[in-house]
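# Next input, structure requested:
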Amino acid sequence: MKIIDAHVHICEHINGWGSRGELRGLGKGKAIYADGKEFQLFPEYMGDYGVCPEKLLEIMDNHNIEKAVILQGNYLGFQNLYAYETMKKYPDRFIAASTIDPFCQNRELIAKHFFEDLKFKIIKMEVSNTSGLMANHDIISLAGKKMQWIYELCRKYKLKKQRKIRVFNRRNRQGNIIPLKPAKMTISFSTFNRGTNRTPVAKKHKNTVIHSILNDRRITVYFFMQLSA
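Got it, this is the predicted structure:
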């Protein structure tokens, strides 16, 4: 049976950013945030200050994994070029997702380079308040202008989309998830808790389907988007 891992990471250099500030490598797979918190980011055997694709391929081969999808985000730091180079070097083993900070003043130039020059086919956005866009930006509405720009990119370049949200302390309630403005868009949300089990709540809205499980303390949301032009 063929196995495809839909979520792997590589890291040329640790240069992340989160709610604790910038993240830098200490060697032997350890990292430190700006507030002084140190932790083991990845096993020492995988790398010193980063994880190369060759090490990942070794692990994949040991577990009979044929292919993998490289994702990225603020946690390790954006790795767009490294992911692109890896995908081109090992086209039969990897496909890579790009990511963009929609707050960049020159985001249109970045998008043009990624999707016209480099021809990325996937975009992944993480807006969590721990190590996503909300870690160092204000609360982001999924129906707001910044995310609408991302949706238009997906439509324009016919991209496959992955969205990942971890929302704690209800900073981004369901009211910020819906409604989404673009027409002819189908989006499936899956929200679930990381605490005690609760009764699932499913709600349907125009162009949107939301499945949620909530608890009193936290909400964790992962959602995958499929747009139809």
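
# in the helix or strand where residue 81 lies, what's buried?
Using DSSP states H and E, residue 81 sits in helix 80-89. Buried residues in helix 80-89, counting neighbours by 16 or more other Cβ atoms under 10 Å, are found at 80, 82, 83, 84, 85, 86, 87. For the C-beta atoms, the positions are set from N, CA and C on the backbone; glycine is no exception.

# Could you do stretch 98-112 as well?
In stretch 98-112, counting by 16+ other Cβ under 10 Å, buried: 98, 99, 100, 102, 107, 111.

# Run through who's touching it.
Stretch 98-112 has contacts (Cβ atoms under 8 Å, 6 or more residues apart in numbering) with 72-73, 78, 80, 83-84, 114-115, 118, 120, 122-126, 133, 137, 146-147, 149-150, 153, 157.

# residue ranges for the helices of the protein, please.
Counting by DSSP state H, the segments of the chain that form helices are 53-62, 80-89, 107-112, 145-157.

# how about those helices in TSV, adding mean pLDDT and distance to residue 46?
Shown next, in TSV, are these (pLDDT from 0 to 100; distance: least, Cβ to Cβ, whole Å):
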stretch	mean pLDDT	distance to residue 46
helix 53-62	96	6
helix 80-89	98	15
helix 107-112	97	29
helix 145-157	89	31
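
# Out of those helices, which gets nearest to residue 28?
helix 53-62 (14.2 Å; Cβ to Cβ).

# Could you work out the end-to-end span of stretch 36-52 for me?
26 Å (Cα to Cα, to the nearest Å).

# Sorry, wrong one. I was asking about stretch 90-110.
End-to-end for stretch 90-110, by Cα to Cα: 24 Å.

# Stretch 30-50 too?
In terms of Cα to Cα, the two terminal residues of stretch 30-50 are separated by 10 Å.

# buried set for that stretch?
Buried-residue list, stretch 30-50, by 16+ other Cβ under 10 Å: 30, 31, 32, 33, 41, 42, 46, 47, 49, 50.

# As JSON lines, the residues you listed with distance to residue 4 and pLDDT would be great.
JSON lines is the format used below for these (distance: Cβ to Cβ, whole Å; pLDDT from 0 to 100):
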{"residue": "30", "distance to residue 4": "30", "pLDDT": "97"}
{"residue": "31", "distance to residue 4": "28", "pLDDT": "97"}
{"residue": "32", "distance to residue 4": "34", "pLDDT": "98"}
{"residue": "33", "distance to residue 4": "33", "pLDDT": "97"}
{"residue": "41", "distance to residue 4": "25", "pLDDT": "96"}
{"residue": "42", "distance to residue 4": "21", "pLDDT": "95"}
{"residue": "46", "distance to residue 4": "20", "pLDDT": "95"}
{"residue": "47", "distance to residue 4": "23", "pLDDT": "95"}
{"residue": "49", "distance to residue 4": "28", "pLDDT": "96"}
{"residue": "50", "distance to residue 4": "24", "pLDDT": "96"}
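
# and the helices of the chain as JSON lines, adding distance to residue 18?
Below are these laid out as JSON lines (distance: least, Cβ to Cβ, whole Å):
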{"stretch": "helix 53-62", "distance to residue 18": "23"}
{"stretch": "helix 80-89", "distance to residue 18": "18"}
{"stretch": "helix 107-112", "distance to residue 18": "21"}
{"stretch": "helix 145-157", "distance to residue 18": "19"}
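
# Flag the shaky bits of the chain, pLDDT-wise.
161-229 (pLDDT under 70).

# roughly how far apart are residue 11 and residue 20?
18 Å (Cβ to Cβ, to the nearest Å).

# ok, and the closest non-adjacent residue to residue 147?
residue 140 (6.6 Å; Cβ to Cβ, 6 or more residues apart in numbering).
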